[in-house]
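*Asks:* Need the 3D shape of this:
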Amino acid sequence: MTRPMEIPVIDLSGLNGGGEERSRTMAQLHEACKDWGFFWVENHGVEAALMDEVKRFVYRHYEDHLEGKFYASDVAKSLPADGNEPSDKVDWETTYFIQHHPKTNVGNFPEITTPTRETLDAYITQMVSLAERLGECMSLSLGLPGGHVAGTFAPPFVGTKFAMYPSCPRPELVWGLRAHTDAGGIILLLQDDAVGGLEFLKGGAEWVPVGPTEGGRLFVNIGDQVEVISGGAYRSVVHRVAAGNEGRRLSVATFYNPGPDAVVAPARETAAALEYPGSYRFGDYLEYYQGTKFGDKDARFQAVKKLLG
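*Replies:* Numbering: from 1, shown residues only. Now for the predicted structure:
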């Protein structure tokens, strides 16, 4: 059952203050990472004009290059048929992935104009700064050196999944995106400002809907590697996207992940941390994750511990 809950909203301007204000903001961030694994941030340093430009680009690109292809696909054409059973094998979404760092693959998208590429570069520069700032705060809140997360990830892999969830004629039969956790580190989401659908499983028991964006906020969630590094103090959370028939939904998720050769392990040897794998290459974890993305996360950790850690 889905019911409304008050997802934490953290005003990052408090990090710029001294003493009590900064301590209070750090404590709010720590509690959100520990108790929720997902939260909103505001006053985050990413310019509103850039976010608006990115959203306009995603809508235009979808309308010009993706919408017709999606509705002509076998998935879209077969879904409305009478007698169909719910499917757990497909996702009602159309996506593409642009890698930014350490190398870019934007050249694979010749339809993206030079001015748009420059906008995306500026946007990603600010998103990386935000991810690094959050990583520093997480490290310090865990009692680690401020550069621990960034140092573990170095050189980080940064990429963005651009997704549209088209209006669905039979939303009871399919998910926009099936339930999963994210493989990587810190995920920054530019959310739709009109259409909802994203849901997170808080405490392994209650699905919490993430409503449309308000006031230029960004949404943040923690990936599997932050859970491992923290020894389970911060947990990656299962989430999904419900299909809907009340309009298309935009999602621009930027992933600040370890590089493929980065070695990940719990930062400290505690009883809880010993339940996690380590030390392993993130690239090896990611390869295993590809076949288990929609499976049980804890089982994946144990399998990776046996195989790699």
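*Asks:* Which positions in stretch 151-160 come out as buried?
*Replies:* Using 16 or more other Cβ atoms under 10 Å as the test for burial, stretch 151-160 gives T152, F153, P156, F157, V158, G159, T160. Heads up, the C-betas are built off the backbone N, CA and C, glycines and all.
*Asks:* Can you tell me which of those residues is nearest Y59?
*Replies:* Using Cβ to Cβ, the shortest approach to Y59 within the buried residues of stretch 151-160 belongs to T160, at 15.4 Å.
*Asks:* circling back to that earlier point, of all the buried residues of stretch 151-160, which two lie farthest apart?
*Replies:* Pairwise across those, and taking Cβ to Cβ, the largest span is found between T152 and T160, at 21.3 Å.
*Asks:* thinking again about what came up before, wait, which of the buried residues of stretch 151-160 is closest to E199?
*Replies:* Closest to E199, out of all of the buried residues of stretch 151-160 and judged by Cβ to Cβ, is T160, at 21.4 Å.
*Asks:* A strand includes that closest one, no?
*Replies:* Yes. Using DSSP: H, G, I helix; E, B strand; the rest coil, the assignment for T160 is a strand.
*Asks:* and it, what does it touch?
*Replies:* For T160, the contact set (Cβ atoms under 8 Å, 6 or more residues apart in numbering) comprises F97, I98, H100, I124, V252, A253, T254, F255.
*Asks:* any idea whether S129 is helix, strand or coil?
*Replies:* helix.
*Asks:* any weak-confidence spans in this protein?
*Replies:* Counting by pLDDT under 70, the chain contains low-confidence ranges at 1-4, 82-83, 309.
*Asks:* if we go to 90?
*Replies:* Residues of the chain that meet the criterion pLDDT under 90 lie in 1-5, 17-19, 74-75, 77-90, 203-205, 246, 269, 271-272, 278, 308-309.
*Asks:* mind listing the strands in it by residue range?
*Replies:* Using DSSP state E, the strands found in the chain span residues 9-11, 38-42, 94-101, 157-165, 175-180, 186-191, 198-202, 206-210, 218-222, 239-242, 249-257, 263-264, 280-281.
*Asks:* Format those strands as JSON lines; extra columns: distance to L144.
*Replies:* Shown next, in JSON lines, are the strands of the chain (distance: least, Cβ to Cβ, whole Å):
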{"stretch": "strand 9-11", "distance to L144": "20"}
{"stretch": "strand 38-42", "distance to L144": "20"}
{"stretch": "strand 94-101", "distance to L144": "23"}
{"stretch": "strand 157-165", "distance to L144": "21"}
{"stretch": "strand 175-180", "distance to L144": "27"}
{"stretch": "strand 186-191", "distance to L144": "15"}
{"stretch": "strand 198-202", "distance to L144": "25"}
{"stretch": "strand 206-210", "distance to L144": "28"}
{"stretch": "strand 218-222", "distance to L144": "15"}
{"stretch": "strand 239-242", "distance to L144": "26"}
{"stretch": "strand 249-257", "distance to L144": "17"}
{"stretch": "strand 263-264", "distance to L144": "14"}
{"stretch": "strand 280-281", "distance to L144": "19"}
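*Asks:* Going by distance to R281, which of the contacts of T160 wins?
*Replies:* F255 (17.2 Å).
*Asks:* returning to what we had before: buried members of the contacts of T160 into ChimeraX, please.
*Replies:* The ChimeraX selection below is limited to those of those classed as buried (16+ other Cβ under 10 Å):
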select :98,100,124,252,253,254,255
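*Asks:* Name the surrounding residues that touch stretch 293-309.
*Replies:* By Cβ under 8 Å, 6+ apart, the surrounding residues in contact with stretch 293-309 are 88, 178-181, 183, 224, 228, 236, 238, 265, 275-281, 284-285, 288-289, 292.
*Asks:* Which among these count as buried?
*Replies:* 179-181, 183, 224, 228, 236, 238, 265, 276-278, 280-281, 284-285, 288-289.
*Asks:* Now intersect these with the helices, please.
*Replies:* Cross-referencing these against helices under DSSP state H gives D224, V228, D284, Y285, Y288, Y289.
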